[in-house]
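Colleague: This is a predicted model, with the sequence first.
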Amino acid sequence: MKQKVRRQINFNEQLRVINSRLKQEIRQRKKVEEELKSAYQRLADIIEFLPDPVFVIDKEKKVIAWNKALEEMTSVKKEEIIGKGNFAYAVPFYGKARPVLIDLIFMEDKEVEARYSFVRRQADTLFAEVFAPMVYGGKGAFLWLKASPLYDSKHNIVGAIETIRDITQHKEAEAILKKDKESLQLLMKERTEQLLKVQKELADARHLSEIGTLAATIAHELRNPLAAIRTAAYNIGKKSDDQRLKPHLENIDKKVAECDQIITNLLNYSRIKTPHFAEVKIHQLLNECIAQTRQRYSSLKIRLRKFCNCKENDTICADAVQLKELFNNVLNNAFEACEQNKGSITVYINYQPASHVTVVIEDTGIGIPAEHMKHLMQPFFTTKQKGTGLGLAVCQQLVNLHQGTISITSKVGKGTRVTINLPAVHDRS
Amino acid sequence: MEKKILVVDDDKEFLEELQETLTLSGYEVKAISDPRKALAVAMQLKPDIIVLDLKMPGMTGFEVVNKIKSTPVTEHIPIIAMSGFFTAEQDDSLLSFFQIHHYLRKPFNPLDIIARIEEVFKETAHKRH
């Protein structure tokens, strides 16, 4: 009996110890639980009050965190979205439930990646930039996104977190900067072009004044002997009855006239003055030029046709002397482009009263090779054996002085077309 | 009676040839190459027409014109000017200021100068009637 009592006491004692231990353990567990709870709360608080918008999903892709900053950005409260899956988190950004950057943590998807301006990977974190049209009440914003996986202690992915930053202002500043840079580059390009143009004009002007002085000297010095040669040839013809001399004397006369034309071109180029504007009967003037050139090249037997919509007395405001020079030059070129008995020249005149006149002079001559086209208007550029290379340079200057335009199109073996546009009226002041 | 023409030009060969051309056309021609002598010769010769180069060393043709036009004995004589320098259109106003009747740019066709001379004679004959 005594022994039985002792066993009972021992058992009780053991029970008390176990009980006490259990109580202690429960207390400890409660404490750990509270600590865990408080740690979780602290974590939730950290996420909640992060200045950048953040959301977290679990491995089922259900939203488990949606912070205050994100509520402000998307106007979606956490109560409305926590626990939701099926890409519900995409709707406040893009208006549609579909995979977004955070989903790329779990799977690769080129189609999703393509929706972003770029997607960059660094270790297991993804960076991307996108325009989200639905945020800020539909105002939209440029966003910088960062998505990272969340792991458990055994390194299994248990979810993912995405942080978002509004970079609209930064983008705008960037755009302004880019625009500024572009306009600065444009301005620099324009200024450089202007500078080059002025430089060229200066060089041309210097060139021209030198040519001017030279031309004046040549004109006088050369025209006097030419006059003597021409008159001497005339006198020989008068004094001799020998018919065999005639073609030689004619050749002398022709060559003197050619020399004179070269001098005239040189002088005209260097002495082009401000036009003396007056009413000019354009049709009549062109007829005179045509008659003059026809006469000059009468031996070539080239057909010339004219189509004209203006009357004899229709006028434009221009310098008659300069216009004659202009049309004569172009007509001369047209005749010279045609071979003996071959080819034809067509002149079109389109007169628009009080507006402009367009004169097109077209030949079916030898044409101009493409590589020569850009040099045509340059002074002293010529392919003719006896040309000064000033004809078209003079034309260009004369057209410029009349605020008109001149353009040339040509095909080797087919012919050349020169189009001259001249305004019909000028402010004479 | 043959019409008298005074030609003034510093280019001797040209002067010689022009003199020949005009003589062949039936005029009595006096040719001089020194512009400074032009007035004195004109006063003495009393030509029907003076053909004058505008650009000569020593005295320009314009100075010669000025002297002739301001001398009573010679002021009525028509003048035909020549030069390789000016163009008729460019210097129209200048020429009319100096009372030059015609202008020929060298190297002109000799037939042109004959035509101009004839024109001037016709004009003066018309005036007399």
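Modeller: Perfect, thanks for sending it. Numbering: from 1, shown residues only, chains lettered A, B, ... in the order given.
Colleague: Number of residues surrounding the residue of the stretch 201-350 of chain A found nearest chain B?
Modeller: Closest approach between the stretch 201-350 of chain A and chain B, counting by Cβ to the nearest Cβ: A:Arg223, at 2.6 Å. Just so you know, the C-beta spots here come from the backbone N, C-alpha and C atoms, and that holds for glycine as well. Residues within reach of A:Arg223, counting by other Cβ atoms under 10 Å in any protein chain shown, total 28.
Colleague: Which residue ranges of chain B form strands?
Modeller: Assignment of strands within chain B using DSSP state E yields the ranges B:4-8, B:28-32, B:49-53, B:79-83, B:102-105.
Colleague: Closest to the centroid, which residue in chain A?
Modeller: In chain A, the residue lying closest to the centroid (Cα atoms, centre = their mean) is A:Leu186, at 9.9 Å.
Colleague: returning to what we had before: generate CSV for the strands of chain B, with mean pLDDT, mean neighbour count and distance to chain A as supplementary columns.
Modeller: Below are the strands of chain B laid out as CSV (pLDDT from 0 to 100; neighbours: other Cβ atoms under 10 Å in any protein chain shown; distance: least, Cβ to the nearest Cβ, whole Å):
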stretch, mean pLDDT, mean neighbour count, distance to chain A
strand B:4-8, 96, 23, 11
strand B:28-32, 96, 18, 12
strand B:49-53, 93, 25, 8
strand B:79-83, 89, 24, 8
strand B:102-105, 84, 20, 8
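Colleague: returning to what we had before: got the angle for the helix or strand hosting the residue nearest to the centre of chain A vs strand B:49-53?
Modeller: A:Leu186 belongs to helix A:168-239 when assigned by DSSP states H and E. Here the directions of helix A:168-239 and strand B:49-53 differ by 130 degrees (axes from the mean of the first three to the mean of the last three Cα atoms, to 10 degrees).
Colleague: Who are the packing partners of helix A:168-239?
Modeller: strand A:141-151, helix A:246-270, helix B:12-24, helix B:110-128 (3 or more Cβ pairs under 8 Å, 6 or more residues apart in numbering or on different chains; DSSP states H and E).
Colleague: from the middle of its chain, how far away would the last one be?
Modeller: Once both centres are worked out by Cα atoms, centre = their mean, to the nearest Å, helix B:110-128 turns out to sit 12 Å from its chain's centre.
Colleague: Any buried residues in that helix, and which?
Modeller: Buried positions in helix B:110-128, judged by neighbour count with 16 or more other Cβ atoms under 10 Å in any protein chain shown: B:110, B:113-114, B:116-117, B:120.
Colleague: Kindly report the same for the shortest one.
Modeller: By neighbour count, with 16+ other Cβ under 10 Å as the criterion, the buried positions of strand A:141-151 are A:141-150.
Colleague: any chance of the residues you listed in TSV, plus pLDDT?
Modeller: Formatted as TSV, these follow (pLDDT from 0 to 100):
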residue	pLDDT
A:Ala141	92
A:Phe142	92
A:Leu143	93
A:Trp144	93
A:Leu145	93
A:Lys146	94
A:Ala147	94
A:Ser148	93
A:Pro149	93
A:Leu150	91
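Colleague: Surely the residue of the stretch 201-350 of chain A closest to chain B touches A:Ile262?
Modeller: No - A:Arg223 is not in contact with A:Ile262 according to Cβ atoms under 8 Å; the separation is 11.0 Å.
Colleague: show me what contacts the residue nearest to A:Ile263 when sequence neighbours are not counted?
Modeller: Distance criterion Cβ to Cβ, 6 or more residues apart in numbering or on different chains; nearest residue to A:Ile263, sequence neighbours excluded, is A:Ala219 at 5.2 Å. By Cβ atoms under 8 Å, 6 or more residues apart in numbering or on different chains, A:Ala219 lies in contact with A:263, A:266-267, B:84-85.
Colleague: Which one of those is nearest to A:Cys289?
Modeller: Using Cβ to Cβ, A:Leu267 is the member of the contacts of A:Ala219 that lies nearest A:Cys289, at 19.0 Å.
Colleague: Pull the number of nearby residues for that closest one.
Modeller: As a measure of burial, A:Leu267 has 23 neighbours, counting by other Cβ under 10 Å.
Colleague: I'd like to know how far A:Gln396 sits from A:Ile157.
Modeller: 76 Å (Cβ to Cβ, to the nearest Å).
Colleague: the more surrounded of those two?
Modeller: In this view A:Gln396 and A:Ile157 are compared by other Cβ under 10 Å, and A:Gln396 has more residues nearby, 17 against 14.
Colleague: Helix or strand: which one has the more buried one?
Modeller: Going by DSSP H and E, A:Gln396 is in helix A:391-401.
Colleague: Show me which positions of that helix end up buried.
Modeller: For helix A:391-401, using 16+ other Cβ under 10 Å, the buried residues are A:391-399, A:401.
Colleague: Out of those, which is nearest to A:Phe335?
Modeller: A:Gly391 (12.2 Å).
Colleague: Who are the contact partners of the nearest residue to that closest one once chain neighbours are set aside?
Modeller: Of all residues not flanking A:Gly391 in the chain, A:Asn329 sits nearest, at 4.6 Å (Cβ to Cβ, 6+ apart). A:Asn329 is in contact with A:391-392, A:394-395, counting by Cβ under 8 Å, 6+ apart.
Colleague: I'd say A:Arg303 and A:Cys338 touch.
Modeller: No - counting by Cβ under 8 Å, A:Arg303 stays clear of A:Cys338, with 9.2 Å between them.
Colleague: Neighbour count for those two, which is higher?
Modeller: Shown here are A:Arg303 and A:Cys338; by other Cβ under 10 Å, A:Cys338 has more neighbours (22 against 12).
Colleague: so A:Pro39 is in which element?
Modeller: You called it Pro, but residue A:39 is Ala. helix A:2-48.
Colleague: so how far is the next helix or strand after that helix from its chain's centroid?
Modeller: Per DSSP H and E, the first helix or strand lying C-terminal to helix A:2-48 is strand A:54-58. Centroid separation for strand A:54-58 versus its chain: 46 Å, with Cα atoms, centre = their mean.
Colleague: measure A:Val359 to chain B for me?
Modeller: According to Cβ to the nearest Cβ, to the nearest Å, A:Val359 stands 21 Å off from chain B.
Colleague: quick one: pLDDT of that residue?
Modeller: pLDDT recorded at A:Val359 is 94.
Colleague: Name the next helix or strand downstream of the helix holding A:Gln396, please.
Modeller: Helix A:391-401 is succeeded, C-terminally, by strand A:405-411 (DSSP H and E).
Colleague: Let me know the angle separating that following strand from helix A:391-401.
Modeller: Using the same axes, to 10 degrees: strand A:405-411 against helix A:391-401 is 140 degrees.
Colleague: could you dump strand A:405-411 to CSV, C-alpha only?
Modeller: Extracted C-alpha coordinates of strand A:405-411, given in CSV (Å, rounded to 0.1, in the frame of the first residue of the first chain):
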residue,chain,number,x,y,z
THR,A,405,13.4,80.4,-111.8
ILE,A,406,15.3,78.4,-114.4
SER,A,407,15.5,74.6,-114.5
ILE,A,408,17.1,72.2,-117.0
THR,A,409,16.3,68.6,-117.7
SER,A,410,18.1,66.6,-120.2
LYS,A,411,18.7,63.1,-121.7
